[in-house]
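In: Prediction below, plus the sequence it came from.
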Amino acid sequence: MLDRLTSLEVFAKVAANGSLSGAARAMGLSQTMVTKHVASLEARLGIKLFHRTTRRLSITEAGRLYLESSERILADMETADAAVARERAEPRGLLRVNVPVVFGTRQVAPLMAGFSERYPEVTIELGLNDRLVDLAEEGWDLAIRIGRLRDSSMVARKLAPNRLVVCAAPSYLAKHGTPRTVADLAAHNCLGYTLTQQGSAAEWPFGVDGEIRIQISGTLRANNGDALRAATLAGLGLARQPTFIIADDLRAGTLVALPLDQPEMQSSAVHAVYLPDRRPPAKVRAFIDFLAARFAPVTPWDRGLF
């Protein structure tokens, strides 16, 4: 079955050239193939598009009416093709980005003024939630994910390490003492994060690959890092928090990092993920490159801490 759009292009070219052979030369097709395309249109429409004699070819009245519509369709297709090509080549249009709530609020949103200044043709829709969204089903262009990536068919680019620190307020440590080893954690009120991808709200992993699992317990669990930060600042207990949340508190001394006898995980990171595409739209590439540049070589929240 012949492609209808190609048949329209052939028909318009025949009308413009006034001959089948001229259209064939212009389009790089055989005259036989050009004839088949015209015949296919005529059979589907049930009309004659051209009068043919041995000496000349002329368009019919019905063919002239059909040509007007065909040229509009072909022009619209060219416009659509050009728009898509521009989007692939130049950052422009709506970019839907899904980001975890606290990271988006603290680390991504403040950078959007700089991004918009550089790419004024891009409109950002920043979706903030801690749910693992389905990019294809929900129409997101990309997502920022933190922690260990699950196996998936998505393309991922590492933007930054995600440093985790066990911390506490000086008031808590003065009252309950300072743990020195991971085994000491059992004697402390440890606040759990319920959405963690490393361990659980009742378990903190240590070691380079998270191979050491320490059971913890405490009087508060929460699904939001800022809520845990507030409780920790108030002296409720120990928390294991990413530095993108507590860096300013560590600098100010309102929270104290607790070096223990086992290292924190090294495999946790901040990634940008998007659906497989041989050449992602320019707006996606521009956004990822922009964040990567801002987070390298040392993330802004970690500067001066380590």
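Out: Now that the structure is in, tell me what you want to look at.

In: contacting residues around I212?
Out: Counting by CB atoms under 8 Å, 6 or more residues apart in numbering, I212 touches 182, 205-206, 262. Bear in mind the C-beta positions are built from the backbone N, C-alpha and C, glycine included.

In: can we see that at 10 Å?
Out: Neighbour list for I212: 182, 204-206, 262-263, 265 [criterion: CB atoms under 10 Å, 6 or more residues apart in numbering].

In: just I146 next, same as before
Out: I146 neighbours (CB under 10 Å, 6+ apart): 99-100, 102-103, 130, 159-160, 162, 197, 225, 242, 244, 268-271.

In: ok so, going back, for G114, state which of the contacts of I212 is nearest.
Out: Nearest to G114 among these is M265, at 30.7 Å by CB to CB.

In: secondary structure class for that closest one?
Out: coil (DSSP: H, G, I helix; E, B strand; the rest coil).

In: Could you measure from T60 over to L67?
Out: 10 Å (CB to CB, to the nearest Å).

In: so what sits against both of these two?
Out: Shared contacts of T60 and L67, defined by CB under 10 Å, 6+ apart, comprise L49.

In: What's the first helix or strand after the worst-scoring helix or strand of the chain on mean pLDDT?
Out: Within the chain, confidence by mean pLDDT, DSSP states H and E is lowest for helix 61-89 among all helices and strands, at a mean of 81. Later in the chain than helix 61-89, the nearest helix or strand by DSSP states H and E is strand 93-99.

In: what lines up beside that following strand in the sheet?
Out: Sheet pairing for strand 93-99, assigned by DSSP bridges, gives strand 122-128 (parallel), strand 142-147 (parallel).

In: hang on, F287 in a strand?
Out: No - the assignment for F287 (three-state DSSP) gives helix, which keeps it out of a strand.

In: hey, what's the residue nearest to it when sequence neighbours are not counted bridged with?
Out: In this structure, F287 finds its nearest non-sequential neighbour in L95, 6.0 Å apart by CB to CB, 6 or more residues apart in numbering. Beta bridges link L95 to I124 when assigned by DSSP bridges.

In: where does L95 land on pLDDT?
Out: pLDDT, L95: 97.

In: can you check the one 4 residues further on too?
Out: According to the per-residue confidence, V99 scores 98 in pLDDT.

In: what sits against it?
Out: Listed by CB under 10 Å, 6+ apart, the contact set of V99 reads 105, 107-109, 126-130, 142-146, 270, 272.

In: at 6 Å what do you get?
Out: V99 is in contact with 108, 128, 144, counting by CB atoms under 6 Å, 6 or more residues apart in numbering.

In: Find the nearest non-adjacent residue to it, please.
Out: Nearest residue to V99, sequence neighbours excluded (CB to CB, 6+ apart): I144, at 4.5 Å.

In: What separation do you get for the one you found and P263?
Out: Separation of I144 from P263 (CB to CB): 25 Å.

In: Then I124?
Out: According to CB to CB, I124 and P263 sit 37 Å apart.

In: between the two, who's got more neighbours?
Out: Higher neighbour count among I124 and P263: I124, with 17 against 11, using other CB atoms under 10 Å.

In: how close does G46 get to E90?
Out: For G46, the distance to E90 - CB to CB - is 45 Å.

In: what about the two, which has more around it?
Out: E90 (15 against 7).

In: Contacts only, for that one.
Out: A282.

In: Give me the pLDDT value at it.
Out: Per-residue confidence (pLDDT) for E90: 88.

In: just S19 next, same as before
Out: Reported pLDDT for S19: 88.

In: how much space is there between it and K283?
Out: Distance of S19 to K283, computed by CB to CB: 45 Å.
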